[in-house]
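**Student:** what shape does this take:
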Amino acid sequence: MSDGGKRGLFGRLFGGGKPEAPARPPEAVAETEAVEVIERDAPPEAIEAEAAPEPAESVAEPVVEEAPAIAPVAPEPEPAAEPGAAPVKASWWHKLKSGLSRTSTALGGGIGAIFTKRRLDEATLEDLEDILIQADLGLATAARITATLRRDRFDKEISDTEVRAVLAAEVEKVLAPVARPLVLPPSDLPRVVLVVGVNGSGKTTTIGKLAMKLGREGRKVTLAAGDTFRAAAVEQLKIWGARTGARVIAGEPGADAAGLAYDALVAARAAGSDVLIVDTAGRLQNRAELMAELEKVVRVLKKQDPTAPHDVILTLDATTGQNAINQVEIFGKVAGVTGLVMTKLDGTARGGILVAIADTFGLPVHYIGVGEGVDDLEPFDAGDFARAIAGLDRHG
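**Tutor:** Coordinates of the predicted model:
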């Protein structure tokens, strides 16, 4: 590879690249039937004064949104097919493969260009390593893939299909240990799940889909509308509450998020909820005052239950690329992230970054999302993801 090409690569790796574009905000869920608003008795004063980044404001009494009685929720119906046409519903595999098409196309094109049934040499391996790094797979994973090829196929002819098979196998080795579903064991106390992430990463939509899944499992769910700075987020969560049968605890716009989280735990315990899912305001990881507010939410929850929050889920927008690594690091230090959900795996996604994150942090990846539908959030499968990113067909 030319010296100019190498300088370009190191420029990308060590700060020469352009900053990531901000993630697009999540689309609001289509509104359904109105929900009944029930004022609940104010909880006893239980939160001592805490130091906060900004002066504490008086918190308006939260309200409980009770969804009307509904039958168990079934998957959304597909739009009616045109006359004479057979209804077509994309499978999860095809949605995943389509979502990772940007990464798989870049990898496949680059690999196809350098592996043309010639003998494998050092120059080719260097070119391959550059392609893997540019696809956000990370230095360590790229080095392992080239080391495997060097050990097994050096100075032998090898096709691009064989290289992609090695790529899929090595990526699966990295992802298999972190492909762990979210497990919510039975408990006398509500299981508290705190959902965090930057602006527009899909937190509220992920919460709604998770509430849907838990409701179908027979769990009683309470949702806390902790994104008090964005009125649309509160309304969006109320709509999800109506669709899923979950109770929603909400306050006035601009209310103290930590106080609302505390009240929501009081209400969830009183109602006998199995799970409390707490939404939070989107915040950039470099805003110290907003991260301090998140720390306060965690501290206040621990005043009622020293083990809470039991799960801290970070939502990652798959389009953000390398910036996601910094998000995992900072949110991990502030909130104690215990697991990940990767969202927005659509045709513009840069899914290779999930491999680098898994290799660097080893955090469980609970779910991935490939669309806006309620059934477009699925448990993470390492083998499917690895083969999709390599542009290979599914096993079986």
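**Student:** for the stretch 101-250 of the chain, just list every one of the helices.
**Tutor:** Here the stretch 101-250 of the chain has its helices, by DSSP state H, counting those that start in this stretch, at 101-114, 122-134, 139-153, 160-175, 203-216, 231-244.
**Student:** which helices and strands does the longest one pack with?
**Tutor:** If I follow you right, that is helix 160-175. Contact analysis of helix 160-175 by 3 or more C-beta pairs under 8 Å, 6 or more residues apart in numbering; DSSP states H and E lists helix 101-114, helix 139-153, helix 353-361, helix 382-389 as its packing neighbours. Using the backbone N, CA and C atoms, a C-beta is placed for each residue, glycine as well.
**Student:** pLDDT (mean, whole number) over it?
**Tutor:** Helix 160-175 shows a mean pLDDT of 96.
**Student:** mind putting the helices and strands packed on helix 160-175 in CSV, mean neighbour count and mean pLDDT included?
**Tutor:** Listed next are those as CSV, based on neighbours: other C-beta atoms under 10 Å; pLDDT from 0 to 100:
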stretch, mean neighbour count, mean pLDDT
helix 101-114, 18, 91
helix 139-153, 17, 96
helix 353-361, 23, 96
helix 382-389, 23, 95
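**Student:** mind putting those into CSV with distance to Thr320?
**Tutor:** As requested, the helices and strands packed on helix 160-175 are arranged in CSV below (distance: least, C-beta to C-beta, whole Å):
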stretch, distance to Thr320
helix 101-114, 13
helix 139-153, 18
helix 353-361, 8
helix 382-389, 17
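**Student:** out of the helices of the stretch 101-250 of the chain, the one nearest Asp188 is which?
**Tutor:** Of all the helices of the stretch 101-250 of the chain, it is helix 203-216 that lies closest to Asp188, at 17.6 Å by C-beta to C-beta.
**Student:** now do the buried residues in the closest one.
**Tutor:** Neighbour-count burial for helix 203-216 flags 203-215 (criterion: 16 or more other C-beta atoms under 10 Å).
**Student:** go on, stretch 389-396?
**Tutor:** By neighbour count with 16+ other C-beta under 10 Å, stretch 389-396 contains the buried residues 389-392.
**Student:** ok so, going back, tell me the one of the buried residues of helix 203-216 nearest Val248?
**Tutor:** Comparing these against Val248 with C-beta to C-beta picks out Ala211 as the nearest, at 9.7 Å.
**Student:** my read: the closest one touches Ala224, true?
**Tutor:** No - using C-beta atoms under 8 Å, Ala211 and Ala224 do not qualify as a contacting pair, with a distance of 11.4 Å.
**Student:** where do the contact lists of these two overlap?
**Tutor:** With contacts defined as C-beta atoms under 8 Å, 6 or more residues apart in numbering, the residues adjacent to both Ala211 and Ala224 are Ile277.
**Student:** point out where the protein drops to low pLDDT.
**Tutor:** Using pLDDT under 70 as the threshold, the predicted model of the chain has low-confidence ranges 1-90, 117, 285-286, 346-348, 396.
**Student:** for Gly112, see how far away Thr146 is.
**Tutor:** If you measure Thr146 against Gly112 using C-beta to C-beta, to the nearest Å, the figure is 17 Å.
**Student:** before we move on, the earlier item: I'd like the buried residues of helix 203-216 written out as a markdown table, with distance to Glu378 added.
**Tutor:** Converted to a markdown table, the buried residues of helix 203-216 look like this (distance: C-beta to C-beta, whole Å):
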| residue | distance to Glu378 |
| --- | --- |
| Lys203 | 18 |
| Thr204 | 19 |
| Thr205 | 14 |
| Thr206 | 12 |
| Ile207 | 16 |
| Gly208 | 15 |
| Lys209 | 10 |
| Leu210 | 12 |
| Ala211 | 16 |
| Met212 | 12 |
| Lys213 | 10 |
| Leu214 | 15 |
| Gly215 | 17 |
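**Student:** quick one, which of the helices of the stretch 101-250 of the chain gets closest to Glu329.
**Tutor:** helix 139-153 (15.9 Å).
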